[in-house]
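>>> what follows is a protein structure lacking sequence information:
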């Protein structure tokens, strides 16, 4: 199907974005338990075995202000999920910024990619279902991909729906109700 045939879908999406955003947010509410289960699985994986606790230390180097991470025991299972997400994981990535060669990753960074993938899948599925239900037609994967491309990857919708919150796992943890749960209870809890 070419773009002229997709134009009715594109026009519909662009003129009904507020309703689509509301529908997407409703889908996130319906998927809350699934999201919670996936997030708990990710946290459990990070905690098995109990990882090292790291402290950032400033290292006086006139060429690089990244500092370094120093091992300081193990992660405390008395931490809340939110506190855990702010802990350094021990991994680092190059920043390619002058004087700041490394960015030290937190568990929020480590888990966020999977959470963003879940959010993207929920959002795209909701948009597709909303359009298909309106037109009482099924879109092929190629058709939906073309519509997505023509609608700038649904950026406007993404920025205004629940999916954009999934960039930060601490917000996801609060959304699913586990932010203030201690890690020892996450480990014991049955999925």
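Yep, it's here. The model shown is predicted, which means the values in this text are computed figures rather than measured ones. Numbers count the residues shown, from 1 in each chain.

>>> so where's this structure uncertain?
Where the chain drops to pLDDT under 70, the residues are 1-4, 189-191.

>>> swap the cut-off to 90 and go again
Scanning the chain with the threshold set as pLDDT under 90 gives 1-6, 56-69, 93-104, 167, 188-191.

>>> got the residue ranges for the strands in it?
With DSSP state E as the criterion, the chain has strands at 52-57, 68-74, 88-97, 100-106.

>>> possible to save these as TSV with mean neighbour count?
Bear in mind the C-beta positions are built from the backbone N, C-alpha and C, glycine included. Supplementary listing: the strands of the chain in TSV, determined by neighbours: other Cβ atoms under 10 Å:
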stretch	mean neighbour count
strand 52-57	15
strand 68-74	13
strand 88-97	14
strand 100-106	16
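
>>> right, so of the ones you listed, which gets closest to residue 129?
strand 100-106 (34.3 Å; Cβ to Cβ).

>>> what packs against the closest one?
Under the contact definition 3 or more Cβ pairs under 8 Å, 6 or more residues apart in numbering; DSSP states H and E, strand 100-106 sits against strand 88-97.

>>> outside of the strand it packs on, which residues touch it?
Strand 88-97 is contacted by residues 46, 51-52, 54-56, 66, 69, 71, 101-107, 109-110 when judged by Cβ atoms under 8 Å, 6 or more residues apart in numbering.

>>> strands paired with that strand, and their directions?
strand 100-106 (antiparallel) (DSSP bridges).

>>> quick check: angle from the biggest helix by length in the chain to strand 88-97?
When the chain is parsed with DSSP state H, its longest helix is helix 107-135. An angle of 80 degrees separates the directions of helix 107-135 and strand 88-97 when computed by axes from the mean of the first three to the mean of the last three Cα atoms, to 10 degrees.

>>> spatially nearest residue to the residue nearest the centre of the chain (excluding sequence neighbours)?
In the chain, the centroid-proximal residue (Cα atoms, centre = their mean) is residue 116; its distance is 2.8 Å. Nearest non-adjacent residue to residue 116, counting by Cβ to Cβ, 6 or more residues apart in numbering: residue 166, 5.2 Å away.

>>> residue farthest from the centroid of this protein?
Largest separation from the mean C-alpha position in the chain: residue 62, at 35.6 Å (Cα atoms, centre = their mean).

>>> picking that back up, what about the residue nearest to the centre of the chain, distance to residue 75?
Distance from residue 116 to residue 75, counting by Cβ to Cβ, to the nearest Å: 23 Å.

>>> one more: residue 81?
In this view, residue 81 and residue 75 are 12 Å apart by Cβ to Cβ.
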